[in-house]
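[1] model the following, please.
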Amino acid sequence: MLPLPDTAAVVSALRAAGCVFAEDEADLILATARTPGELAGMVDRRSAGQPLEHVLGWAGFHGLRVLVEPGVFVPRRRTEFLVDQALAQAPDATVVVDLCCGSGAVGAALAAALGNAELHAADIEPAAVDCARRNLAPYGGNAHLGDLFDALPAALRGRVGILAANVPYVPSGEVALLPAEARDHEPLAALDGGGDGLDVLRRVAAGAPEWLAPGGCVLVETSERQADAAVRAFAAAGLTARLAVSEELYANVVIGVLGPEPAGGPRG
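    Numbers count the residues shown, from 1 in each chain. Below is the predicted model of the structure:
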């Protein structure tokens, strides 16, 4: 049996490195490390500024423990709101697509809640696709490498009940202002949304109607200041568009439906 690690020393090292929640992070690192050497390495990596989730090798998301590897976008807690909105809008969806999937956290959460849905995910980053394949395997999901809809099997056209796209939406000129954890350790393609931050969102909106089933929905996260323009982009693509907001999570999700909203709004 390994000797009891010096918890106070781990907390002290993390606090000295500027970790605001040093005690909580120390508990997670201590619970994850299997040997004293691995513990020391994890503390060193976190102290050097690597995201906690990359150090641990996992992130908690919507009640799941999702594998997250170095170089892969870390799922944010606010994105759980997108998952909840998707489930409320289409609780009986049988085909789910997770675009810009990163680790595949959104797709895995949707599949876990829906049960037997056919699940596909796609990302332009090979490391993300490799990670997503492992996270989606328990649900029989498939992860594809490629640029947005180009990565998807053609047989999905017109069949998708939920299309979730956690697109990059940071304006190019503001990427340098992001926290170092994101700026230095997550892929630029997962962060940079172009001049006004909406380049990828517009592409998703324009392409979605071809892939959605009648009544199917597409959901994209954005910022508060971009929300109106994002809703207009969805409407311009012929979707019935609305905005859902969680003040608690600081989350803004644009929802587009192919065809009119069901009577009474989203189901569920």
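[2] buried set for stretch 63-81?
    By 16 or more other CB atoms under 10 Å, the buried positions in stretch 63-81 come out as 64, 66-68, 71-76, 79-81. In this view, the C-beta of every residue, glycine as well, is placed from N, C-alpha and C.
[3] which of these sits closest to residue 115?
    Checking the buried residues of stretch 63-81 against residue 115 by CB to CB gives residue 64 as the nearest, at 14.6 Å.
[4] wait, doesn't that closest one sit right on residue 110?
    No. Residue 64 lies out of contact with residue 110 (CB atoms under 8 Å); the separation is 10.7 Å.
[5] which residues touch stretch 196-212?
    97, 99-100, 148-149, 152, 156-161, 163, 165, 167-172, 174, 193-194, 218, 220, 222-223, 226, 229-230, 233-234, 236-239, 254, 256, 258 (CB atoms under 8 Å, 6 or more residues apart in numbering).
[6] at 6 Å instead, please
    Stretch 196-212 is contacted by residues 149, 157, 160, 163, 165, 167-171, 193, 218, 220, 226, 230, 233-234, 237-238, 258 when judged by CB atoms under 6 Å, 6 or more residues apart in numbering.
[7] and those, which are buried?
    Buried, going by 16+ other CB under 10 Å: 149, 160, 163, 165, 167-171, 193, 218, 220, 226, 230, 233-234, 237, 258, out of these.
[8] among those, which ones are in helices?
    230, 233, 234 (DSSP state H).
[9] show me what secondary structure element comes after the least confident helix or strand in the chain by mean pLDDT.
    The least trusted helix or strand in the chain, going by mean pLDDT, DSSP states H and E, turns out to be helix 180-185, with a mean of 88. Sequence-wise, the next helix or strand downstream of helix 180-185 (DSSP states H and E) is helix 199-211.
[10] can you list the buried residues in that next one?
    By neighbour count on 16+ other CB under 10 Å, the buried set for helix 199-211 is 199, 200, 201, 202, 203, 204, 205, 206, 207, 208, 209, 211.
[11] how far off centre is that helix?
    Remark: helix 199-211 is offset 17 Å from the chain centroid, using CA atoms, centre = their mean, to the nearest Å.
[12] same check on stretch 194-210?
    What separates the centre of stretch 194-210 from the centre of its chain is 17 Å, taken as CA atoms, centre = their mean.
[13] who's in contact with stretch 149-158?
    Residues contacting stretch 149-158 (CB under 6 Å, 6+ apart): 122, 144, 207, 210, 211.
[14] apply 7 Å and report the result again.
    95, 97, 120, 122, 144, 145, 207, 210, 211, 213 (CB atoms under 7 Å, 6 or more residues apart in numbering).
[15] can I get it in PDB, CA atoms only?
    Provided in PDB are the C-alpha atoms of stretch 149-158 (Å, rounded to 0.1, in the frame of the first residue of the first chain):
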ATOM      1  CA  PHE A 149     -20.700  18.300 -42.500                       C
ATOM      2  CA  ASP A 150     -18.000  17.100 -45.000                       C
ATOM      3  CA  ALA A 151     -17.100  14.500 -42.300                       C
ATOM      4  CA  LEU A 152     -20.500  13.000 -42.000                       C
ATOM      5  CA  PRO A 153     -21.800   9.900 -43.800                       C
ATOM      6  CA  ALA A 154     -24.100  11.000 -46.600                       C
ATOM      7  CA  ALA A 155     -26.800   8.600 -45.400                       C
ATOM      8  CA  LEU A 156     -27.500  11.000 -42.500                       C
ATOM      9  CA  ARG A 157     -28.900  13.700 -44.700                       C
ATOM     10  CA  GLY A 158     -32.500  14.500 -43.800                       C
END
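[16] can you give me the helices in the stretch 1-150 of the chain?
    Assignment of helices within the stretch 1-150 of the chain using DSSP state H, counting those that start in this stretch yields the ranges 7-16, 22-32, 36-47, 52-56, 80-89, 105-114, 126-136.
[17] hang on, residue 165 packs against residue 99?
    Yes. At 4.0 Å, residue 165 and residue 99 qualify as touching, with contact defined as CB atoms under 7 Å.
[18] from residue 105, how far out is the residue nearest to the spatial centre of the chain?
    Per CA atoms, centre = their mean, the C-alpha nearest to the average position across the chain is that of residue 75, at 4.4 Å. For residue 75, the distance to residue 105 (CB to CB, to the nearest Å) stands at 4 Å.
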